[in-house]
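Chemist: 3D, please:
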Amino acid sequence: MQDWVALGYLLGGVLFVCGLMGLSQPRRAVAGNGLGALGMLLCVVVTLLDRGMVHWWGVLGGLLVGSAAGAILAQRVAMTAMPQMVGLFNGLGGTASALVAWAELHQAMAPTPLAFRLAGGLSVLIGAVTLSGSLVAAAKLHGLVGERPWHLPQEQLLKALTLVAALALVGAFPFLADPAMLVPPLMVMALLLGVQITVAIGGADMPVVIALMNAYSGLAGAAAGFMLANSALVIAGALVGTSGLILTQIMCRAMNRSMGNVLLGGFGEPQAQADADAVYGGRVKATSAAEIALLLDGAQQVMVVPGYGLAVAQAQYALRDLVHFLEGRGVQVSFAIHPVAGRMPGHMNVLLAEVDIPYEQLLELGQANAQLSLVDVAIVIGANDVVNPSANDPSSPIAGMAIVEVSQAQLVVVIKRSLSPGFAGIPNPLFAMDNTLMFFADAKEGLGAILAALKTG
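Modeler: Okay, the predicted model is just below:
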């Protein structure tokens, strides 16, 4: 029997790895999700058989309820709220690991190995941090609390003291006859630590936070799997944890920031209005849908730079219609996808895939920048920080951040409702450049007006 169990876990692990490989490419992402889900189902069934559990109706009921809840959420959650849902899922994963660890510590027969107790403490600590941190991140993204960083007096000292207290409780687990008694105070410390970490992070860093909380949930799961001596859970948790950390590092590099810098303080502090006046100073040139239609009418290459404003306005369908019309006239249209555009990794890819934009037209940052000098018109839709040339200024808060260099295009059209700053809270000199025209409009309405002008022009 044990050989079959080991084989089942091995096959589940292979499916997990294949699923992650599929997620690395948009075209294979759906299949990758399916393989990962199949691997998890296989591991669940093997675990139930291995442990001799017979309460199949309870297990089946849980699967049905969970599957139904997931399907409903997937259908009803708006694309703009997808990052919040991912954050909540991360929190639920961390909570499950913490509760499993607590239950195992409570029912374990003494004496228990040192590693078992430490793994239990770490699972509770990381899982509870993931829960509270994910809830705060989701609340920030959903506008329930302000996106600006909340700074408390001596906040770094408070974080350090909370972390030391939590680690001290974990360190005491091996020396108590019943370590489960320390779980409640440890959870309180961990929940407080998760809140302290996340409230100090600004909206611009939320993509990094989402990826980091995903990694935390995986690490908590791996620790719980170690306690249960369940190799499938260890493998799944390790894969989620390591892939989440790798993604976090990729996001930090895209923003030219270290992970420590993100955790110790975020963007989002508003700049003085005088800074905006100095940057714009009457040099912003407004345009209209009719004028943009005339410019597009003579263009051969157009590059679109989508941002979070596109998702907020639900303008992806209007964009698709405009793109199809331009392509029908022989215009070559491509899309520049910045790694941190939107509010989570891959947000723009998913948004464009929803309206069947071909994957071949989605260019990564390096590819897009290499082609921008050949572009007749670059259309920036609801993006701000990812096209802000202040990143090239060593004194700027976003200095060194990789951006889409849209100013290299012959002409830049920015569709935006106002000159308000992005998540970084700083003015954008692109809006006042000589080759930039500002179309102040809602993305959906603005794109519709441009298409109408093209059709009647």
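Chemist: the stretch 101-250 of the chain: strands as residue ranges?
Modeler: Per DSSP state E, counting those that start in this stretch, the stretch 101-250 of the chain carries no strands over any range.
Chemist: where in it is pLDDT low?
Modeler: Within the stretch 101-250 of the chain, the segments meeting pLDDT under 70 span 109-110, 146-147, 203-204.
Chemist: from residue 450, how far out is residue 379?
Modeler: 9 Å (Cβ to Cβ, to the nearest Å). Backbone N, C-alpha and C define where each C-beta goes, glycine included.
Chemist: and the helices in the stretch 1-150 of the chain?
Modeler: 2-23, 29-51, 56-76, 82-107, 114-141 (DSSP state H, counting those that start in this stretch).
Chemist: quick one on the thing from earlier: comparing residue 379 and residue 450, which shows the higher neighbour count?
Modeler: residue 379 (30 against 27; other Cβ atoms under 10 Å).
Chemist: unless I'm mixing things up, residue 217 is touching residue 95, no?
Modeler: No: judged on Cβ atoms under 8 Å, residue 217 makes no contact with residue 95 at a distance of 9.0 Å.
Chemist: which residue packs closest to residue 47, ignoring adjacent ones?
Modeler: Distances taken as Cβ to Cβ, 6 or more residues apart in numbering place residue 230 nearest to residue 47, at 6.4 Å, with adjacent residues excluded.
Chemist: show me how the record splits this protein into domains.
Modeler: 1-76, 84-264, 273-456 (automatic domain parsing).
Chemist: about what we covered before: which of residue 217 and residue 95 has more residues huddled nearby?
Modeler: Using other Cβ under 10 Å, the more surrounded residue of residue 217 and residue 95 is residue 217, with 29 against 18.
Chemist: so what's the more buried one up against?
Modeler: 90-91, 93-94, 97, 127, 130, 240, 244 (Cβ atoms under 8 Å, 6 or more residues apart in numbering).
Chemist: the closest residue in space to it that isn't next to it in sequence: neighbouring residues, count only.
Modeler: Once flanking residues are discounted, residue 217 sits nearest to residue 93: 3.7 Å by Cβ to Cβ, 6+ apart. By other Cβ under 10 Å, the residues close to residue 93 number 23.
Chemist: residue 93 reaches residue 221, doesn't it?
Modeler: Yes: counting by Cβ under 8 Å, residue 93 touches residue 221, with 6.5 Å between them.
Chemist: what are the buried residues along stretch 299-310?
Modeler: Neighbour-count burial for stretch 299-310, counted by 16 or more other Cβ atoms under 10 Å, picks out 299, 301-310.
Chemist: surely residue 412 is within a strand?
Modeler: Yes: assessed with DSSP: H, G, I helix; E, B strand; the rest coil, residue 412 lies in a strand.
Chemist: got a list of what it touches?
Modeler: Contacts for residue 412 (Cβ under 8 Å, 6+ apart) come out as 377-378, 380, 406, 430, 433, 435-437.
Chemist: and the residues you listed, which are buried?
Modeler: Buried among these by 16+ other Cβ under 10 Å: 377-378, 380, 406, 430, 433, 436-437.
Chemist: just the closest of the contacts of residue 412 to residue 211, please.
Modeler: residue 380 (24.7 Å; Cβ to Cβ).
Chemist: ok, the closest one - contacts?
Modeler: 305, 307, 387, 406, 412-416, 430.
Chemist: go ahead and confirm residue 237 touches residue 221.
Modeler: Yes: using Cβ under 8 Å, residue 237 is in contact with residue 221, at 3.3 Å.
Chemist: which one's more surrounded, these two?
Modeler: Ranked by neighbour count (other Cβ under 10 Å), residue 237 and residue 221 place residue 221 first, with 28 against 24.
Chemist: returning to what we had before: put together JSON lines for the contacts of residue 217, with distance to residue 44 on each row.
Modeler: Output for these, formatted as JSON lines (distance: Cβ to Cβ, whole Å):
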{"residue": "90", "distance to residue 44": "20"}
{"residue": "91", "distance to residue 44": "21"}
{"residue": "93", "distance to residue 44": "15"}
{"residue": "94", "distance to residue 44": "19"}
{"residue": "97", "distance to residue 44": "15"}
{"residue": "127", "distance to residue 44": "19"}
{"residue": "130", "distance to residue 44": "21"}
{"residue": "240", "distance to residue 44": "16"}
{"residue": "244", "distance to residue 44": "22"}
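Chemist: anything in contact with each of residue 217 and residue 95?
Modeler: 127, 130.
Chemist: now the strands for the stretch 251-400 of the chain?
Modeler: Assigned by DSSP E, counting those that start in this stretch, the strands in the stretch 251-400 of the chain fall at 301-306, 332-336, 362-363, 377-381.
Chemist: so for residue 36, which of those sits nearest?
Modeler: Between those, strand 362-363 lies closest to residue 36; by Cβ to Cβ that is 22.6 Å.
Chemist: do I have it right that residue 226 meets residue 234?
Modeler: Yes: with contacts counted by Cβ under 8 Å, residue 226 reaches residue 234, the gap being 5.9 Å.
Chemist: from residue 247, how far out is residue 19?
Modeler: For residue 19 relative to residue 247 (Cβ to Cβ), the value is 15 Å.
Chemist: for residue 112, that is, sorry about that
Modeler: 35 Å.
Chemist: also residue 336?
Modeler: Distance from residue 336 to residue 247, by Cβ to Cβ: 20 Å.
Chemist: any regions of the stretch 351-457 of the chain where pLDDT drops low?
Modeler: 457.
Chemist: helices of that one, start to end?
Modeler: With DSSP H, counting those that start in this stretch as the criterion, the stretch 351-457 of the chain has helices spanning 365-371, 443-456.
Chemist: ok, the stretch 201-350 of the chain next?
Modeler: 206-228, 231-254, 259-264, 273-280, 289-297, 308-312, 316-328, 347-353.
Chemist: give me the contact list for stretch 320-338.
Modeler: Contacts of stretch 320-338 (Cβ under 8 Å, 6+ apart): 254, 296, 299-306, 348-349, 352, 355-357, 361-365, 368-369, 371-372, 378, 383, 386, 402-404, 406, 447, 450-451, 454-455.
Chemist: right, and residue 139 touches residue 145 too?
Modeler: Yes: if you go by Cβ under 8 Å, residue 139 and residue 145 touch, sitting 4.8 Å apart.
Chemist: follow-up on the earlier one: what sits against the residue nearest to residue 217?
Modeler: By Cβ under 8 Å, 6+ apart, the contact set of residue 93 is 130, 217-218, 220-221.
Chemist: out of these, the closest to residue 102 would be?
Modeler: Closest to residue 102, out of all of those and judged by Cβ to Cβ, is residue 220, at 11.9 Å.
Chemist: burial of the closest one, as a residue count?
Modeler: Using other Cβ under 10 Å, residue 220 has 32 other residues around it.
Chemist: relative to residue 208, how far out is it?
Modeler: According to Cβ to Cβ, residue 220 stands 19 Å off from residue 208.
Chemist: neighbour count: residue 112 and residue 247, which is higher?
Modeler: A side-by-side neighbour count of residue 112 and residue 247, using other Cβ under 10 Å, places residue 247 first with 20 against 17.
Chemist: skipping adjacent residues, who's closest to that one in space?
Modeler: Among residues not flanking residue 247 along the chain, residue 211 sits closest, at 4.5 Å (Cβ to Cβ, 6+ apart).
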